[in-house]
Structure formats: structure tokens, C-alpha cells
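Undergrad: structure, please.
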Amino acid sequence: MPYPPAYLKWIIKHSYFLLLFLFDPCYSQLAKIKDLQLKLNQLPADTTRLHLLQKMADAYTPVDPAKKFYYASLFKQLAVKLHNEPAVADAYFQMGASYAFGTKLDSALYYFKLSYAQASKVKYIYGMGKGLSSMGFIYDRLDDKKQAIQCDFQSLQVLKNTNNKRAINQLYINIGSIYFDLRQYQLAQSYFEQCLISYTASKDTAGIGYGLFLMGNTAQALRRDDKALDYFARSLAIREKLEDANGIALVKRGIGQAYFHKKQYDLSVSYLNIALQSVKTLQNKYEECAVLLDLSDVYLAMNQYSKSIDCAKQSLISCQAIKSKSGVSESLERLIAAYKKQGDLANAFKYQTEYISMQESLLNQNALKDVTLTEFSRIRTENATLAKNNQIITTKNTNYLAQLNKYTNAIVVIVVILISVVLLLLILYRRNLEKQTTNKLLLKQKEEIATINKELETLNEEIKAQMELTNAQNVELERLNSVKNKFFSIVSHDLRGPLVTLQMLFSVYREGDIGEEDFGSLLTKLEDTLLSTSSFLDNLLEWSKNQLEGMVIKPVNFDIGECIAGNIQLFESKIGMKKLKVYNQTINPLMVYADKNMITLVIRNLLSNSIKFCSAGDEITFKTEIRNDRVLIAIQDTGPGISEADRENLFNLEHIISTGTQNEKGNHLGLILCKDMITQNDGAIWFETIQNEGTTFWIELPAGK
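TA: Next up is the predicted model:
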């Protein structure tokens, strides 16, 4: 979701700026212009007339910049006549402000510099502060952030010597906003915080609400969304109390953005819709476009593509109406993304074409702006040089005129001076051409170096990616080799035993060394051994497959009670042989959501282990319960329990051989497989055991529907 566009950042920084220095907050310009004119027509005393001319210049600020300049000029002439040096500085400031409102930034900067120079000359502190701040305002509009922040810092140092809290707070906001534009959000936050502290100390309710809003924006930029919501909530309470409709809309938009970042999309949509209705009522087309873009992002994240497209189209129409190229570009981006997600590639391609065209237009616009800024900088430098030369020439001319009566060859000297000046101008012009040629060559070299650097960066990224891939492959090969070694170790140890036993049994029987009755007893034990070995082989193959290929989970809703009952029935003969008691006390029916085959294998392994280690007369009990949206399954036995030494390695391959109550060979591979399968099914498995009293294995799984 985008942060406030350029126009909004400008409003945050400067909508209050010129008004701060230009207007008496209790003065109504349009209502008083006629009254002021009548008072001027009465030809008052010069001191009174000076004050009235200043008021007239103030009153025309938002009405007519040309008339503002006219009255500012009269104000300056009278101030010079009265030798009122601070008033001369104020007059220059008013003249610069008239050009600033008329967007003639070079002329505005010229008069603001004159204002600051005049104020510095007579130690007029407030005039120095507002002159510097005004220069910072112009540099910021010219995107010269370095000069802008230098002027603002100088202005802040000057105004700290006054008690004008209002102007100082605005400078905190200006400096913080410049750092915000430069994405230095921590620095921006520090200045906004100073502003908020100052407003709080002076009990300025409106200022506190504004400061909290700025802190919320900065917290959001730092992705501290909970903190941002706290600031916005406090700002909203103040602005609602003040019935500040525009401020309420801006805060609710900020809250909507914060909830979007927290992925609480319903709340985000709710606040953004309220903000949208407010800005529509206020007829704030720029903010309306921004809120529509935010809504388009939220609906896209919610996979509501039609609504996302509708909001983006509304934003596109509004941005085209107000001729906001950046807004049109962002609207087209949303439409392309939404149509791609919707699978409508025809419309996505259509808006992609428009977006490319708009980007080319923006690039041309930025290029023109860069050229304009370069030319403006050059003109400033040349003007400074010419002003210096003019001062030198003026000084020389004054000296020569003073000596005119003493020297008869004064005309010759003046001609020589004029020729020198012409030659100097020619030399300066030639050097300027040489500098331009050198600058072009340096620019070309800079572009070539940048291209080489980009190629090197790309190459470094490719090498880094290849190294990371190689390292990952080495790690995977080591893991697979370890799995292979463990697999062969288990196979050689646990599968050879039953086969050797079977071979020896047949050899003894063939040689006639054993009777039919003993042979039958041995066959029963051998059958049990083969069943255990078969179960172990199933576990081993499943574990090896999962280690080498990865588990493939196919979760479904099924009755865990039926699964448990089926496994108990499967082991009926073994349970009877060992004279065990098995109880199924599960809730019936009880649905879980997991891979049925995997869970069946887990239940079978745990039941098999309990049967293996329990003695005649022991009990095995299955229980189930529901906790919130999870199902708990308990397999409890009254067997010998698990020793302290085996508890640590029960779910790993460090120790895998154990012996049952009838000398059945056992291993922990089944438990390792159980843990892997339960974990893959979004569940958990653990056990509780008491030596010589029994063991309970717990399984937790998602509840089904």
C-alpha cells in the first residue's frame, strides 16, 4: 500500500508554512481589503500608512499575488523613506511570497535572500528566521533537499532565540518532513516528537492532534503498526472533538493503512470507506484518489478482484481529471495486478500498454524538471558572479568619478575599464563554455561507470546465488548420505536376525533334532517375530521414502474412533496371546482433519509398542477429548514405563534397539516416523511415563468438520 503521494507530503509540510508568517490569525483578508483601502485613501501619517500597506500586502496573499507585490513594493519604498530597516526586510519577504504563490520560484528565492540579508544587517531576529525558512521552502519545492534542510536548521537556531513557539514547531515539522521524504524515518520521528512535546507543553489541542497524526505516519513507515494505531486513535479523538473533518479523514485513512499492514483486511476496508466518504464530501480529489488506491490494494489482498478493479478505475478517472500523472500511473499498476490475478490477460495487457506510455511521460517530465533545476542553478551562480562583478565595477566607478576633477585623462581610464570589463565577460563566457563541455564529458563518463558497476553487481549476484545453491546441495548430499548409512545399518542389524533364526529352525527340523510339539511352539514365536519384522520393515521403508522424497500430505475429515477400533481388531490375536486388556473409551463419532493413512500408521505403531512392552494382565486404554478446535488422543498402558536413559532419545535414531516382555525385538524407528507424520499434519506428539507404573502417549490433531 503506498504512502502519501507527493502532493500530500507537500500539504503536510507547507500548507501551514506561508500562512504562519504572512497572516494575522484573527484577520479576515477578503472582508478587510475594502476597509483598508478606505483608510489608505484618507492619507494618514507615514507610520500609520506603513502599517496599512503591510496589512494590504498580507490581505492579498491568497487573492491576487500581483496586487500583493504592488502593495509590498509601496510598503518597501515607504520603509526606506522612514529608515525603518526591519520593515524593509518584511517588505522583501512579502515580495518574495507573492512570487512563491505565483510559482515563480527563482524570483521568490531572490527576494527571500534580500529579506534575510536585510534582517541580518540590522539584527532583526524574527525576520532572519522567516527569511531562512522561506528559502528552505523554495529549495524544497525545487527538490534541493540539502539546501532546504540547511536553511531550516539555520532558521531553527535563529528562532530559538525568540519565544515564537508556533514558528519553531512548524520548523520541526518542515525538517521532519524532509527526512520523511528521504526515507530517514527515525530522524523524521525525532523531530515530530519534539513538535508533539512542544504542543503538549503549550496545551495546543489542535497541534497535539496534528503531532500525533505525524507520529502515526512515521510509525507506520517504520512498520510499527500497533504503535501507529495508538497514535492515530489519540489523534482521532482530538480531531473529532474539534470537528476537524479533513483531519478526521486523514487519520482514518492512516488507521486503514495500518490494519492493512496487519492483514486485518475487514477493519482496513471499514476505515478506508469512512475516509473515502469524508474526502468526497470535502471534495478533496487528491485524497480521494489516494484512498481509492488503498482500497484497491486491500481488495486485491482479499482476492476480491472485481472490487479492486472498480476502486482502481475510479481512482484512474479522478487522477485523469486532476491531471495527476503519478496517480494515473499508480491506478494503472493496480488494474494490471488485479486483472492478472483474475486471469483476464487481455485487459491486463491493455492497461500495461497505457502504463508503459505513462511511465515514458513521467520520465520525460522528470528529465525536463532536472534540466530546469540545472538551468536554475546555473542562473543563480551566474547572477551571483555578475552581482559580485557589478559591485566591483560600481566601487571602481565611484572611485574614478571622485578623482574625475583631479585627472584629465579620466575618460581614457573609463574606456580602459569598460574594455577590461568586456574582455572579462568574454573570458567568463569562454570559460563557461569550456565548463559545459567538461561537464558533458564527465556526465558521459559517469554513465559509463554506472553501467559497468551495474554489470559487476549483476555478476556478483549470480556468483553469490551459485555459491548458495552449491552450499545447499552439499548440505542436502550430506543429509542423504547420513540417511543412507543409517538405513543400511538398520537393515543389516534388524533384518538379518529373523532370517538367520528362520534358517537355523529349518536346518534343525530337517536334521530331525526337534519334535513336532517343540517345532509348533517355535513356529508361533517365529510368526510373532516375522510380524514384528514386517511392521518394522513397513516403518523403515516409509521413513526412508519420507527422508529421500519428502512427505506428501493428503488431509481429509475422518472418524478417529473408527481408526482406533480397526487397529485394535488388527492386533486381537496378539492381545489374546499376551492376555492383555484393551479398552476403547473414545468419543464416537469424533472427526479429525489429517492424512488418514498416516494417522492409521501412527495409531498402529503406538498400539504395537504398548502390546510389546506390557505383561499379562496389563491394560491398554484409548481416550479422546476436544479442546477448542483441537482433538487430543491418549494411548495409556500399565506397562513398565520408559527408563530415564531412553526418554532423551525416544524420538531420534541415537538408540533404536529394545526388548519386549516376550523377548520381542523392538526399535524406535516407528516412534520417529510417528513424530514426523504428526508434525506434518499440523499436530503434536508427546508422552508421560512413570517407571514401573505405565506410559501415556498423547497425540494432538486439528478437529474435523
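Undergrad: touching stretch 325-334 from outside, list them.
TA: 2, 5-6, 286, 289-290, 292-293, 296-297, 300, 308, 311-313, 315-316, 318-320, 351-352, 354-355, 358-359, 361-362, 365 (Cβ atoms under 8 Å, 6 or more residues apart in numbering). To be clear about C-beta, it is placed using only N, CA and C from the backbone, and glycine gets the same treatment.
Undergrad: do that again at 6 Å, thanks
TA: With contact meaning Cβ atoms under 6 Å, 6 or more residues apart in numbering, stretch 325-334 is reached by 289, 293, 296, 312, 315-316, 319-320, 351, 354-355, 358, 362.
Undergrad: Provide a ChimeraX selection command restricted to the buried entries of those residues.
TA: This is how ChimeraX selects the buried members of those, with burial counted by 16 or more other Cβ atoms under 10 Å:
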select :289,293,296,312,315,316,319,351,354,355,358
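Undergrad: out of the contacts of stretch 325-334, who's nearest Q118?
TA: Checking the contacts of stretch 325-334 against Q118 by Cβ to Cβ gives L362 as the nearest, at 40.7 Å.
Undergrad: among the contacts of stretch 325-334, name the ones in strands.
TA: Among the contacts of stretch 325-334, DSSP state E puts none in strands.
Undergrad: next, count neighbours for K612.
TA: Neighbour count for K612, taken as other Cβ atoms under 10 Å: 21.
Undergrad: and stretch 77-88, end to end?
TA: Using Cα to Cα, to the nearest Å, one end of stretch 77-88 lies 8 Å from the other.
Undergrad: mean confidence for that stretch?
TA: Averaged across stretch 77-88, the pLDDT comes to 93.
Undergrad: reformat the contacts of stretch 325-334 as TSV; add distance to T205 and pLDDT.
TA: Shown next, in TSV, are the contacts of stretch 325-334 (distance: Cβ to Cβ, whole Å; pLDDT from 0 to 100):
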residue	distance to T205	pLDDT
C289	30	91
L293	31	93
S296	35	93
A312	38	91
S315	34	91
L316	39	90
C319	35	88
Q320	39	87
Y351	46	88
E354	46	86
Y355	44	86
M358	43	80
L362	41	65
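Undergrad: hmm, which two among the contacts of stretch 325-334 are most spread apart?
TA: Between any two of the contacts of stretch 325-334, the greatest separation by Cβ to Cβ is 19.6 Å, found for S296 and L362.
Undergrad: S318 and Y271, how far apart?
TA: Note on S318: its distance to Y271, by Cβ to Cβ, to the nearest Å, is 20 Å.
Undergrad: check the secondary structure at the residue positioned nearest the centre of the chain for me.
TA: Nearest to the geometric centre of the chain sits R223, at 5.3 Å (Cα atoms, centre = their mean). Recorded secondary structure, R223: coil (DSSP: H, G, I helix; E, B strand; the rest coil).
Undergrad: just for the stretch 51-200 of the chain, where's the confidence low?
TA: Scanning the stretch 51-200 of the chain with the threshold set as pLDDT under 70 gives 62, 102-103.
Undergrad: if we use 80, what do you get?
TA: Within the stretch 51-200 of the chain, the ranges that satisfy pLDDT under 80 run 61-63, 101-103, 141-143, 163.
Undergrad: what about the strands in the chain?
TA: 556-559, 581-585, 591-594, 619-627, 630-637, 658-659, 665-666, 684-690, 694-702.
Undergrad: got the ones you listed as JSON lines, with mean pLDDT and mean neighbour count columns?
TA: Output for the strands of the chain, formatted as JSON lines (pLDDT from 0 to 100; neighbours: other Cβ atoms under 10 Å):
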{"stretch": "strand 556-559", "mean pLDDT": "95", "mean neighbour count": "15"}
{"stretch": "strand 581-585", "mean pLDDT": "94", "mean neighbour count": "15"}
{"stretch": "strand 591-594", "mean pLDDT": "95", "mean neighbour count": "21"}
{"stretch": "strand 619-627", "mean pLDDT": "95", "mean neighbour count": "16"}
{"stretch": "strand 630-637", "mean pLDDT": "96", "mean neighbour count": "20"}
{"stretch": "strand 658-659", "mean pLDDT": "54", "mean neighbour count": "14"}
{"stretch": "strand 665-666", "mean pLDDT": "49", "mean neighbour count": "18"}
{"stretch": "strand 684-690", "mean pLDDT": "94", "mean neighbour count": "15"}
{"stretch": "strand 694-702", "mean pLDDT": "96", "mean neighbour count": "20"}
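Undergrad: mind putting the ones you listed into JSON lines with distance to L459?
TA: JSON lines is the format used below for the strands of the chain (distance: least, Cβ to Cβ, whole Å):
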{"stretch": "strand 556-559", "distance to L459": "50"}
{"stretch": "strand 581-585", "distance to L459": "66"}
{"stretch": "strand 591-594", "distance to L459": "48"}
{"stretch": "strand 619-627", "distance to L459": "56"}
{"stretch": "strand 630-637", "distance to L459": "51"}
{"stretch": "strand 658-659", "distance to L459": "57"}
{"stretch": "strand 665-666", "distance to L459": "57"}
{"stretch": "strand 684-690", "distance to L459": "47"}
{"stretch": "strand 694-702", "distance to L459": "48"}
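Undergrad: figure out which of these is closest to K440.
TA: When these are compared by Cβ to Cβ, strand 694-702 sits nearest K440, at 68.4 Å.
Undergrad: picking that back up, could I get the contacts of stretch 325-334 as JSON lines with distance to Q257?
TA: JSON lines is the format used below for the contacts of stretch 325-334 (distance: Cβ to Cβ, whole Å):
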{"residue": "C289", "distance to Q257": "15"}
{"residue": "L293", "distance to Q257": "11"}
{"residue": "S296", "distance to Q257": "13"}
{"residue": "A312", "distance to Q257": "17"}
{"residue": "S315", "distance to Q257": "15"}
{"residue": "L316", "distance to Q257": "20"}
{"residue": "C319", "distance to Q257": "19"}
{"residue": "Q320", "distance to Q257": "24"}
{"residue": "Y351", "distance to Q257": "24"}
{"residue": "E354", "distance to Q257": "26"}
{"residue": "Y355", "distance to Q257": "23"}
{"residue": "M358", "distance to Q257": "24"}
{"residue": "L362", "distance to Q257": "24"}
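Undergrad: of all the contacts of stretch 325-334, which comes closest to R627?
TA: For these, the minimum distance to R627 (Cβ to Cβ) is 40.9 Å, reached by S296.
Undergrad: how near is the closest one to S361?
TA: According to Cβ to Cβ, S296 stands 22 Å off from S361.
Undergrad: burial measure for L242, as a count.
TA: Residues within reach of L242, counting by other Cβ under 10 Å, total 13.
Undergrad: apologies, that question was intended for G216.
TA: 29.
Undergrad: out of all of them, which helix in this structure is the longest?
TA: helix 410-494 (DSSP state H).
Undergrad: centre of the chain to it, how far?
TA: Helix 410-494 has its average C-alpha position 27 Å from the chain's average C-alpha position, going by Cα atoms, centre = their mean, to the nearest Å.
Undergrad: tell me the mean pLDDT over it?
TA: Mean pLDDT, computed over helix 410-494, is 76.
Undergrad: please shift the residue numbers so they start at 545 in all later answers.
TA: Shifting the count to begin at 545 puts that one at helix 954-1038.
Undergrad: just checking, what packs against that helix?
TA: Of the remaining helices and strands, none touches helix 954-1038 by 3 or more Cβ pairs under 6 Å, 6 or more residues apart in numbering; DSSP states H and E.
Undergrad: how about the nearest residue to G791, chain neighbours excluded?
TA: Spatial nearest neighbour of G791, chain neighbours left out: R783 (4.0 Å); criterion: Cβ to Cβ, 6 or more residues apart in numbering.
Undergrad: thinking again about what came up before, on the pLDDT front, check the residue nearest to the centre of the chain for me.
TA: Predicted confidence (pLDDT) at R767: the value is 89.
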